[in-house]
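S.K.: requesting a structural model of the entry that follows:
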Amino acid sequence: MTSTAQPPPVSAAREAHPDHLGHVIFITAAAAMGGFLFGYDSSVINGAVEAIRDRYDIGSGTLAQVIAIALIGCAIGAATAGRIADRIGRIRCMQIAAALFTVSAVGSCVPFAVWDLAFWRIVGGFAIGMASVIGPAYIAEVSPPAYRGRLASFQQAAIVIGIAVSQLVNYGILQLADGEQRGEIGGLEAWQWMLGVMVVPAVLYGLLSFAIPESPRFLISVGRTDRAKEVLGEVEGQGVDLDARVAEIDRAMRSEHRSTFKDLLGSRFGFLPIVWVGIGLSVFQQLVGINVAFYYSSTLWQSVGIDPTDSFLYSFTTSIINIIGTVIAMVLVDRIGRRPLALIGSAGMAIALAFEAWAFSADLVDGKLPTTQGVVALVAAHVFVLFFALSWGVVVWVFLGEMFPNRIRAAALGVAASAQWIANWAITASFPSLSDWNLSGTYVIYTAFAVLSIPFVLRYVKETKGKALEEMG
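M.R.: Purely as a prediction, here's the structure:
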């Protein structure tokens with residue numbers, strides 16, 4: 001017998017278009033403010049490094065710990081955000097993160113000792129960790145399926161814009177302080193204003209969180225189905241069968257397998273091979289030294305004789321290159337594939353880092369690099385950031401979201417993300433001491449990791465472009 005029944009109404013949700021797309025974009029952009037603060041808070045310290053060293057008269061080792069200690073908070077915030085959001089909701093989680101960003105900005109602006117500054121760095125790091133988890137999760141849960149990919153890119157775009165804005169603000173404040181990081185403006189030193197200005201986007205993030213709806217998924221999980229239907233109507237359109245959509249979401253949540261750490265274990269090498277590949281991608285992403293460009297670039301340029309004002313300008317131009325590279329990656333990742341893009345990025349980064357290592361090997365003349373080496377160092381630094389941004393900066397997160405089998409995806413992603421924070425901490429904490437030892441040698445190490453990432457990708461990383469998630473693993 002041939003059935004004449006219509007397909008289930010819920011299937012229409014796959015092609016649903018919201019009645020007011022602008023409203024959905026506003027909701028997504030408001031949630032992505034967490035990503036903006038993620039980028040802003042991560043890189044704003046770049047402008048204060050040398051002033052903190054001078055203000056508290058600390059060595060490279062202690063300075064490194066003050067800068068890197070925020071990553072401890074990041075790891076804790078990322079590890080706990082999911083559970084907090086499941087208990088009290090995505091919106092409340094955003095509001096907690098906004099409050100932590102705010103108090104961290106105020107505390108970092110007016111610290112009375114170096115350990116006090118370190119504490120507020122941890123608080124800010126916890127907020128970063130929460131924002132890194134809750135933003136993408138919320139955006140995925142409120143986005144209409146037909147627009148999910150494009151709306152999900154708001155988070156990454158917000159992060160790189162946050163990095164750029166932090167460097168622009170730092171440059172502007174330095175101009176007001178006549179080029180002195182410790183110059184006074186209104187009774188506070190310039191570096192204090194740099195760290196304190198984050199209050200403005202933090203408060204805005206908190207206010208926006210009151211203007212957007214709770215995730216339908218969370219509302220259904222706590223039995224508020226009527227409100228869930230209202231939100232689904234807002235983001236997917238009233239033409240969708242809302243009862244069927246609620247039933248579908250409820251059914252999917254009940255059937256989900258909650259992966260655990262035990263699911264990741266294999267018989268020979270601890271973790272399953274695919275988990276090790278994810279860890280490897282996360283670690284290589286950090287070991288090429290990308291965060292040196294965002295945490296220490298002003299210090300780096302000043303160490304080779306560039307005056308503070310110009311060093312801040314170069315930090316800003318580097319962050320603009322980061323935005324351009326990210327846009328290129330977003331355009332190419334579904335066209336040429338994840339694996340080819342990663343290989344292109346590795347090769348480009350290795351060459352750029354090698355040129356930086358060569359440039360920094362020159363003897364300083366009157367405290368500055370010779371003209372040729374100085375130009376090469378600046379160009380190579382920008383090329384390095386460009387190749388990172390158009391490849392590993394985006395591709396690794398795409399891989400981690402796609403490469404694991406369904407039954408272990410959540411737990412495996414958590415382990416890989418934790419490995420990334422640890423590697424980030426290792427690079428951030430070691431750079432000041434390594435650069436004191438040998439700046440050129442430090443960049444040789446980063447070059448080696450960029451080179452090693454090529455055979456790693458060729459041997460162990462499989463292309464995920466065009467494959468269903470059910471095919472992975």
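S.K.: show me where pLDDT drops low in the stretch 51-200 of the chain?
M.R.: Residues of the stretch 51-200 of the chain meeting the criterion pLDDT under 70: 146, 148-149.
S.K.: what segments of it are helices?
M.R.: If you assign secondary structure with DSSP state H, counting those that start in this stretch, the helices in the stretch 51-200 of the chain sit at 60-68, 70-88, 90-109, 114-142, 148-176, 190-196, 199-209.
S.K.: using a markdown table, lay out the ones you listed together with distance to residue 335 and mean neighbour count.
M.R.: Backbone N, C-alpha and C define where each C-beta goes, glycine included. Converted to a markdown table, these look like this (distance: least, CB to CB, whole Å; neighbours: other CB atoms under 10 Å):
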| stretch | distance to residue 335 | mean neighbour count |
| --- | --- | --- |
| helix 60-68 | 37 | 20 |
| helix 70-88 | 30 | 20 |
| helix 90-109 | 32 | 23 |
| helix 114-142 | 22 | 23 |
| helix 148-176 | 13 | 21 |
| helix 190-196 | 39 | 25 |
| helix 199-209 | 33 | 19 |
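S.K.: quick one, which of these gets closest to residue 355.
M.R.: When the helices of the stretch 51-200 of the chain are ranked by distance to residue 355, counting by CB to CB, first place goes to helix 148-176 at 22.6 Å.
S.K.: let's have the helices of the stretch 51-200 of the chain in a markdown table, adding distance to residue 387.
M.R.: Putting the helices of the stretch 51-200 of the chain into a markdown table (distance: least, CB to CB, whole Å) gives the following:
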| stretch | distance to residue 387 |
| --- | --- |
| helix 60-68 | 25 |
| helix 70-88 | 24 |
| helix 90-109 | 31 |
| helix 114-142 | 23 |
| helix 148-176 | 15 |
| helix 190-196 | 28 |
| helix 199-209 | 29 |
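S.K.: select, out of the ones you listed, the one closest to residue 286.
M.R.: helix 70-88 (10.3 Å).
S.K.: residue 268: which of the helices of the stretch 51-200 of the chain is closest?
M.R.: Distances from residue 268 to each of those were compared using CB to CB; the minimum, 27.0 Å, belongs to helix 70-88.
S.K.: give me the contacts around the closest one.
M.R.: Outside of helix 70-88, the residues within contact range by CB atoms under 8 Å, 6 or more residues apart in numbering are 41-42, 45, 93, 96-97, 121-134, 137, 218, 221, 414, 417-418, 421-422, 424-425, 428.
S.K.: and of the helices of the stretch 51-200 of the chain, who's closest to residue 246?
M.R.: If we rank the helices of the stretch 51-200 of the chain by CB to CB, the stretch that ends up nearest is helix 114-142, at 13.3 Å.
S.K.: from the chain's centroid, how far away is the closest one?
M.R.: Relative to its chain's centre, helix 114-142 lies at 10 Å (CA atoms, centre = their mean, to the nearest Å).
S.K.: how big is the angle separating it from helix 148-176?
M.R.: Taking axes from the mean of the first three to the mean of the last three CA atoms, to 10 degrees, one finds helix 114-142 and helix 148-176 inclined to each other by 150 degrees.
S.K.: and helix 114-142, what does it pack onto?
M.R.: Under the contact criterion of 3 or more CB pairs under 8 Å, 6 or more residues apart in numbering; DSSP states H and E, helix 114-142 touches helix 21-43, helix 49-56, helix 60-68, helix 70-88, helix 90-109, helix 148-176, helix 216-221.
S.K.: let me see the contact set for the most centrally placed residue in the chain.
M.R.: Within the chain, the residue whose C-alpha comes closest to the C-alpha centroid is residue 159; the distance, by CA atoms, centre = their mean, is 5.9 Å. Applying CB under 8 Å, 6+ apart, we find residue 159 in contact with 35, 36, 38, 39.
S.K.: in space, what's closest to it - neighbours in sequence excluded?
M.R.: With CB to CB, 6 or more residues apart in numbering as the measure, residue 39 is the residue that lies nearest to residue 159, at 3.9 Å, once sequence neighbours are left out.
S.K.: what's the burial count for the one you found?
M.R.: 25 (other CB atoms under 10 Å).
S.K.: do residue 352 as well
M.R.: Neighbours of residue 352 using other CB under 10 Å come to 25.
S.K.: what about the stretch 251-400 of the chain, any weak spots by pLDDT?
M.R.: For the stretch 251-400 of the chain, the stretches flagged by pLDDT under 70 are 256-261, 267.
S.K.: quick one, helices of it?
M.R.: Listed in chain order, the helices of the stretch 251-400 of the chain (DSSP H, counting those that start in this stretch) span 273-287, 290-295, 297-303, 308-332, 338-360, 371-389, 392-402.
S.K.: list the contacts for residue 227?
M.R.: Residue 227 touches 214, 219, counting by CB under 8 Å, 6+ apart.
S.K.: now do it, the pLDDT please.
M.R.: On pLDDT, residue 227 comes in at 92.
S.K.: list the contacts for the residue lying closest to residue 73 once chain neighbours are set aside?
M.R.: If the residues on either side of it in the chain are set aside, residue 73 comes closest to residue 125, at 2.6 Å by CB to CB, 6+ apart. Contacts of residue 125 were listed using CB under 8 Å, 6+ apart, and they are 69, 70, 71, 72, 73, 74, 75, 76, 77.
S.K.: one more: residue 44?
M.R.: Shown in contact with residue 44 (CB under 8 Å, 6+ apart): 166, 169, 170, 194, 195, 197, 198.
S.K.: count residues in the vicinity of the residue nearest to residue 170 when sequence neighbours are not counted, would you?
M.R.: The shortest distance from residue 170 to any non-neighbouring residue, by CB to CB, 6+ apart, is to residue 47 (3.4 Å). Residue 47 is surrounded by 28 other residues when neighbours are defined as other CB under 10 Å.
S.K.: you'd agree residue 47 is up against residue 312?
M.R.: Yes: under the criterion of CB atoms under 8 Å, residue 47 makes contact with residue 312 at 6.3 Å.
S.K.: who touches both of the two?
M.R.: Shared contacts of residue 47 and residue 312 (CB under 8 Å, 6+ apart): 167, 170, 171, 174, 298.
S.K.: between the contacts of residue 44, which sits nearest residue 344?
M.R.: Of those, the one sitting nearest to residue 344 (CB to CB) turns out to be residue 166, at 28.1 Å.
S.K.: list just the nearest of the contacts of residue 125 to residue 334.
M.R.: Ranking the contacts of residue 125 by separation from residue 334, with CB to CB as the measure, puts residue 74 on top at 28.9 Å.
S.K.: ok, the residue nearest to residue 159 - contacts?
M.R.: Taking CB under 8 Å, 6+ apart, we find residue 39 in contact with 158, 159, 160, 161, 162, 163, 164, 166.
S.K.: farthest pair in those residues?
M.R.: When CB to CB is used, the two most widely separated members of those are 158 and 166, lying 12.4 Å apart.
S.K.: ok, now how distant is residue 418 from residue 282?
M.R.: Taken as CB to CB, to the nearest Å, the spacing of residue 418 relative to residue 282 amounts to 8 Å.
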